[in-house]
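Novice: fold the following.
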Amino acid sequence: MLKLRSDLFIAIEGIDGSGKTTATRNLVEALRKSGHEAIALNKRTPGVLDDYVTKHLSLLAEAIWTNSKNSPIHLLGERHWMHLHAAYLSALGKQIKEGQLVDKEGFVVVDGWVGKLTARMATGRVNSAEEIFSFFGSIVQPDVVIVLDVPPEVAEDRLAGDFTVGETRSLGAETSPGFVAYQSEVRAILLHLAESHGWLVYRHQGKSPAEVAQDLMDMLPAA
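Specialist: So this is what the prediction gives:
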């Protein structure tokens, strides 16, 4: 069995359609098969112990993740979305750090934290990526961040044209440059953040889900 830290908080980042959700789930399964306790944390319904916190997070989640694919999110402005996400992730990060999740033992692996969020907001050019990342600086940060680097054209094929408004334009923009053009910007900013902050970058085209999960597990720091 791999000798890894048993309490790592891991974020899998990447553009929309890069395979973050699948990689998160498969990494958790691989860790469990190797004898480790691990959970795939669903940010929208994380499962925390306290009922008050659960209700509070649910209300914030409802405001952040609307079901409508055509909501005029630009009307609220980029700063609104920055503060709303910060409020949610600040509360959730506190629960993770203090072991207040229902499944609280072992690794916590999450599909996205502040990486893609920062990159998407930075495309609006109201604030730079580093300014936005600093804004989120007080939030509990993952021990390990792995960026799945996938060409936007590949991601577009995976999503088969089923895009939300937030996947095709910045949160403050009224018009869309198209999925590939927008996600190319997001990708470039993500790779810049990875280089600046020591995040790991992984390119997994052509590999099976099992191979990807093993590769990701091999990238984790030893105890």
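
Novice: quick one, strands of this protein?
Specialist: For the chain, the strands defined by DSSP state E occupy 9-14, 38-41, 107-111, 144-148, 200-202.

Novice: would JSON lines of those with mean pLDDT be doable?
Specialist: Formatted as JSON lines, these follow (pLDDT from 0 to 100):
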{"stretch": "strand 9-14", "mean pLDDT": "97"}
{"stretch": "strand 38-41", "mean pLDDT": "93"}
{"stretch": "strand 107-111", "mean pLDDT": "95"}
{"stretch": "strand 144-148", "mean pLDDT": "97"}
{"stretch": "strand 200-202", "mean pLDDT": "97"}
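
Novice: thought Ala129 was touching Lys116?
Specialist: No. With contact defined as C-beta atoms under 8 Å, Ala129 does not count as touching Lys116 (11.4 Å). For glycine as for every other residue, the C-beta is placed from the backbone atoms N, C-alpha and C.

Novice: more neighbours: which of these two?
Specialist: The neighbour comparison of Ala129 against Lys116 (other C-beta atoms under 10 Å) goes to Lys116, with 24 against 18.

Novice: low-confidence bits of the protein, can you list those?
Specialist: Under the criterion pLDDT under 70, the flagged ranges of the chain are 1-6, 66-69, 104, 170-176.

Novice: can you show me the helices along it?
Specialist: With DSSP state H as the criterion, the chain has helices at 20-33, 51-64, 78-97, 115-122, 129-135, 152-159, 179-197, 209-218.
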